[in-house]
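Peer 1: Here is a sequence together with a model predicted from it:
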Amino acid sequence: MYRIITIEREYGSGAAEIAAAIAQRLGWKLWDQALTEEIAKVANVDSSAVAQCDERVDTRFHRLAKIFWRGSYERSVALGPVGPFDTDRFVAITKEVMEKVAQTGNCVIVGRGAPYFLREKPDILHVFLYASRAEKLRRLLQSGQPEAEAAALLDTVDRDRMEFVKHYFNADWPTRCLYHLMINTAVGNESVISTILTAKQMLEQSVPTPV
């Protein structure tokens, strides 16, 4: 029985809406922006999102931290003054929060490295969503994002995710062997949602329930 679905995604592929719809249909909790807020609470940092990416040149830690914390709305996170708080501590807190979320179960988790932190747990269905650049740009423009900003983020967000995963997990992004499904969202949200829910049901029928 799968108690959790993780949704990893390319920027602009529509994961926010898809994950929210899946959580609603299953009656599960959605851990998207709520997960960022919980991590911020434990880490004692500011989780307020800003409308535009910071223009200043970040230190490696701040830059990678913002990459990691980006949620479905793909905005930067302003990190407040936290004293001695390095990357190792940052990742450790995220791992701690992620494991607590996984213990509770019955939830959909969007991004935040969930497939990597929770890769050893057998009761999780891992999904990766992608699309062509044209489709992702169309979705971003439809959501009201300015074209110049959308194009710039399409060129940088996923590249930064690759760097983050390589740095912290020594893996390529996406790590294809982690996922049960990789779906092109150009087929439409409803088709994607139906595919994920059907696959969940079929896999549960064919795989013994973990003890």
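Peer 2: It's in. Numbers count the residues shown, from 1 in each chain.

Peer 1: Could you export the longest helix anywhere in the chain as CSV, CA atoms only?
Peer 2: With secondary structure taken from DSSP state H, the chain has its longest helix at helix 147-169. Taking Å, rounded to 0.1, in the frame of the first residue of the first chain, the C-alpha atoms of helix 147-169 are listed here in CSV:
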residue,chain,number,x,y,z
GLU,A,147,7.5,36.1,-20.5
ALA,A,148,11.0,37.4,-19.8
GLU,A,149,11.0,36.1,-16.3
ALA,A,150,9.5,32.7,-17.3
ALA,A,151,12.1,32.2,-20.1
ALA,A,152,15.0,33.1,-17.7
LEU,A,153,13.8,30.7,-15.0
LEU,A,154,13.3,27.9,-17.6
ASP,A,155,17.0,28.4,-18.4
THR,A,156,18.2,28.3,-14.8
VAL,A,157,16.0,26.5,-12.3
ASP,A,158,16.4,22.9,-13.6
ARG,A,159,20.1,23.5,-14.2
ASP,A,160,20.4,24.6,-10.5
ARG,A,161,18.5,21.5,-9.4
MET,A,162,20.9,19.3,-11.2
GLU,A,163,23.8,21.0,-9.4
PHE,A,164,22.1,20.6,-6.1
VAL,A,165,21.4,16.9,-6.5
LYS,A,166,24.9,16.3,-7.8
HIS,A,167,26.4,18.2,-4.8
TYR,A,168,24.4,16.6,-2.0
PHE,A,169,23.4,13.2,-3.3
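
Peer 1: which helices and strands does that helix pack with?
Peer 2: helix 60-69, helix 114-117, helix 133-142 (3 or more C-beta pairs under 8 Å, 6 or more residues apart in numbering; DSSP states H and E). For glycine as for every other residue, the C-beta is placed from the backbone atoms N, C-alpha and C.

Peer 1: and whatever helix or strand comes next after the shortest one, how far from the chain's centre?
Peer 2: Using DSSP states H and E, the next helix or strand after helix 114-117 towards the C-terminus is strand 124-130. Distance, stretch centre to chain centre, for strand 124-130: 10 Å (C-alpha atoms, centre = their mean, to the nearest Å).

Peer 1: so what strands line up beside strand 124-130?
Peer 2: Partners of strand 124-130 in the sheet, by DSSP bridges, are strand 4-9 (parallel), strand 181-184 (parallel).

Peer 1: Buried residues, the longest one. List them.
Peer 2: If I follow you right, that is strand 4-9. If you call a residue buried by 16 or more other C-beta atoms under 10 Å, then strand 4-9 has these buried ones: Ile4, Ile5, Thr6, Ile7, Glu8, Arg9.

Peer 1: Nothing else from me, thank you.
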